Structures are given as structure tokens and as C-alpha cells.
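[1] One predicted model, sequence on top.
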Amino acid sequence: MKTMSILGCGWLGKALADTLLKKGYAVNGSVRSEKKGDMLRTIGATPYVIQVENSGIFGDFESFVAEADILITAFPPGIRQDPNANYTARIKQVLASLPSNCKLLHMSSIGVFGAMQGEVNETTFPVPDRDAGNQLLKAEEAVTALGANATIVRLGGLVGDGRHPAKQLAGKTEISAPMAPTNLVHQIDIVRFLTAVIEGDFWGQTLHCVSPLYHQRGVFYTQECEENGLALPHFSPDKSDRNKKVLDTKSAELFGFEYQLAGCHFKDC
Ligand SMILES: NC(=O)c1ccc[n+]([C@@H]2O[C@H](COP(=O)([O-])OP(=O)(O)OC[C@H]3O[C@@H](n4cnc5c(N)ncnc54)[C@H](OP(=O)(O)O)[C@@H]3O)[C@@H](O)[C@H]2O)c1
């Protein structure tokens with residue numbers, strides 16, 4: 001039986017853990033408190049309390065990865081909560097402690113691309129325009145040094161299981177960039193995508209996991225709020241240069257992937 005260690009069992013990590021357990025994998029999952037660890041035990045994962053800081057890893061990381069065939073990194077840069085968080089340094093701590101026989105499936109973000117980079121695919125050189133994007137990109141560069149022992153998956157905006165941008169935008173005013181494309185992806189599709197990478201042994205890749213249905217932000221979020229009884233959002237008429245559209249041009253060819261919840265609608269969350 002293969003062992004998967006998921007570093008960061010939050011919204012995405014826990015859903016992935018659930019699916020991998022049902023498929024018969026052994027799963028180690030990490031959170032940052034004992035209390036949340038109990039939740040992992042109830043789904044059948046082995047809980048660890050681990051915190052990756054800028055200067056070191058707190059918790060028994062050695063045991064967490066000792067038997068792991070694959071380590072999946074699923075914790076965010078955390079800069080919004082802590083402006084001193086150094087995500088690049090944190091990922092480098094993880095890489096330095098990774099056993100040589102353990103593969104790495106690294107969750108990154110389409111935030112590596114600048115908001116005005118237009119249409120981008122996996123071969124486009126990212127030019128981040130935010131601190132988090134810079135840190136994500138530098139972390140990716142460090143991961144790339146593992147070559148065929150690692151795959152990077154850049155996730156679009158996350159929806160599913162109670163999460164949808166329409167909730168945050170409802171009732172807000174002066175929201176910018178109504179014409180910009182949404183670049184969303186549903187949790188169910190992300191978990192299917194990651195499982196396909198793991199089961200198909202697709203290593204040494206940089207992949208985009210983003211739904212191929214792009215809505216215009218203004219039209220889409222207004223409609224989603226209207227249809228679901230949320231206060232209407234109001235978009236600014238000011239011109240915006242935000243035009244980022246992130247394409248997944250690899251997964252269909254590599255592992256025949258099709259997005260099942262491509263619409264990313266509020267009702268499916
Ligand atoms: N938000 C987006 O739209 C978006 C877009 C693209 C990509 N992503 C990426 O998607 C992945 C999953 O995000 P998510 O929404 O599932 O995150 P989440 O719900 O916030 O969960 C993060 C998990 O990681 C743990 N964690 C947080 N900081 C940590 C640290 N410094 N060291 C160790 N563990 C830490 C948390 O522990 P506790 O449970 O104890 O808090 C939690 O279990 C991340 O890699 C993120 O960068 C997000």
C-alpha cells in the first residue's frame with residue numbers, strides 16, 4: 001500500500017485525503033493543532049501537528065515523511081494573515097527535509113502570473129505583480145530543481161464545499177475588472193486531477209488546473225448572486241487592464257482529463 005503525506009489538510013488537503021483513503025492509500029495528514037488532528041483521525045488518516053515556519057519546521061516532520069511515497073504540499077503562502085511569512089523559505093525548508101525516495105506534488109497557484117499577462121499557458125514565463133505571486137514563483141523554482149521527482153500544479157481560484165467568490169462579492173460596490181475572465185476550478189475537479197497525476201505517475205511536469213469555462217467576472221458574479229438570493233455586487237465602470245486567462249493545455253493530452261464541474265456555479269458548491 002502506498003503512503004501519501006499531505007502537508008496542510010485544510011479545505012483542499014482534507015478533501016484529497018478523503019478520496020485517497022477511499023482508494024486504499026495510507027494517508028498521513030498535517031494540521032497545526034491537536035484539535036484539528038482529531039478530525040483527520042475520524043476520516044482514517046494519521047494526524048500530525050506540523051508548522052512550517054520561515055526558519056524551521058516544528059513537529060515530527062521526519063516521521064511524517066519517513067514512509068511516504070509522495071508528499072503533497074497544500075498550505076497557502078499565508079502572507080495575508082502574516083506579512084512576515086516567507087513562503088519561499090518555508091518550501092525550501094520542506095525540500096531540505098524531503099527523503100530522496102519521496103516524490104513531491106506541489107500545489108502552486110495561477111497567482112504566479114500577473115493580472116495583465118493576458119492568455120497564458122504552461123510554457124508562458126510568469127511575471128508576478130504581487131508579493132505572494134513572487135514568493136510562489138520562487139518556491140516553484142526551488143521545486144523544479146527536483147526534476148523528475150516533482151510535479152507542480154498551479155490551481156485556479158478555488159470553489160466548492162461552501163466556498164465561492166460570489167459570497168465575498170455579494171453586496172460589495174466598486175468592484176474592479178468586470179470584463180476580466182474568471183479562472184476558477186471546482187474542488188471535485190481538483191481532487192480528480194491530482195488523483196490522476198498520482199495514479200498515472202506524471203512527474204517532472206508543471207500543470208495548470210483551471211476550468212476551461214471562462215466567464216466575464218461582472219456578468220457571472222451578478223448572475224450567480226441573483227440566482228442564489230445574494231445581495232447584488234456592483235462593478236466599477238472604470239476601464240481595467242486585467243485580462244489574465246489561464247489555460248490548461250496539458251491534462252487532456254497527458255491523462256485524458258475532462259472537467260466535470262467546469263461551470264463552477266454557486267449551486268454546485
Ligand atoms: N485560495 C485560493 O483561491 C487558491 C488559489 C490557488 C491555489 N491555492 C493553493 O491551494 C492550496 C490549498 O489551499 P486551501 O484553501 O486548502 O488552504 P487552507 O484551507 O487554508 O488549509 C491550509 C492547511 O495548511 C495548514 N497550514 C497553514 N499554514 C501552514 C504552515 N505554515 N505550515 C504547515 N501547515 C500550514 C493549515 O493548518 P490548520 O488546519 O491547522 O489551520 C491547513 O490545514 C494551497 O497550497 C494554496 O496556496 C489557493
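    That came through fine.
[2] what secondary structure does Y48 sit in?
    Y48 falls in the strand class when you classify it by DSSP: H, G, I helix; E, B strand; the rest coil.
[3] all strands for the chain, in order.
    3-7, 26-31, 46-49, 51-53, 56-58, 70-73, 103-109, 119-120, 150-155, 157-159, 184-186, 206-209, 245-246 (DSSP state E).
[4] possible to save those strands as CSV with distance to E258?
    Backbone N, C-alpha and C define where each C-beta goes, glycine included. Shown next, in CSV, are those (distance: least, Cβ to Cβ, whole Å):
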stretch, distance to E258
strand 3-7, 24
strand 26-31, 26
strand 46-49, 33
strand 51-53, 34
strand 56-58, 38
strand 70-73, 22
strand 103-109, 21
strand 119-120, 21
strand 150-155, 17
strand 157-159, 17
strand 184-186, 12
strand 206-209, 13
strand 245-246, 18
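[5] give me the residue from the chain nearest the ligand.
    Closest residue of the chain to the ligand, Cβ to the nearest ligand atom: G10 (1.8 Å).
[6] Please report how far that residue lies from V143.
    Per Cβ to Cβ, to the nearest Å, G10 is found 20 Å from V143.
[7] ok, the two, which is more surrounded?
    Between G10 and V143, counting by other Cβ atoms under 10 Å, V143 is the more crowded of the two (23 against 16).
[8] Go ahead and confirm that one touches R154.
    No. Counting by Cβ atoms under 8 Å, V143 stays clear of R154, with 11.6 Å between them.
[9] Now for Y221, how many residues are close by?
    27.
[10] show me the contacts for it.
    Counting by Cβ atoms under 8 Å, 6 or more residues apart in numbering, Y221 touches 165-166, 169, 175, 233.
[11] Now that we're looking at it, what pLDDT does it have?
    The confidence metric pLDDT takes the value 98 at Y221.
[12] is the ligand contacted by the lowest-mean-pLDDT helix or strand in the chain?
    Every helix and strand of the chain was ranked by mean pLDDT, DSSP states H and E. The lowest is helix 34-43, at a mean of 94. Yes. Interface with the ligand: helix 34-43 contributes K36 (Cβ under 6 Å from any ligand atom).
[13] Can you tell me the closest non-neighbouring residue to N86?
    Excluding its sequence neighbours, the residue lying closest to N86 (Cβ to Cβ, 6 or more residues apart in numbering) is N54, at 4.3 Å.
[14] and the one you found, how many neighbours?
    So N54, with other Cβ under 10 Å, has 14 neighbours.
[15] Close to the ligand: what parts of the stretch 101-250 of the chain are there?
    107, 109, 155, 157-158.
[16] contacting residues for the residue nearest to F75 when sequence neighbours are not counted?
    Nearest non-adjacent residue to F75, counting by Cβ to Cβ, 6+ apart: G8, 3.3 Å away. Contact analysis of G8 by Cβ under 8 Å, 6+ apart lists 30-31, 73-76.
[17] give me that answer again for 7 Å
    30, 73-75 (Cβ atoms under 7 Å, 6 or more residues apart in numbering).
[18] If you rank these by neighbours, which is first?
    S30 (28 neighbours).
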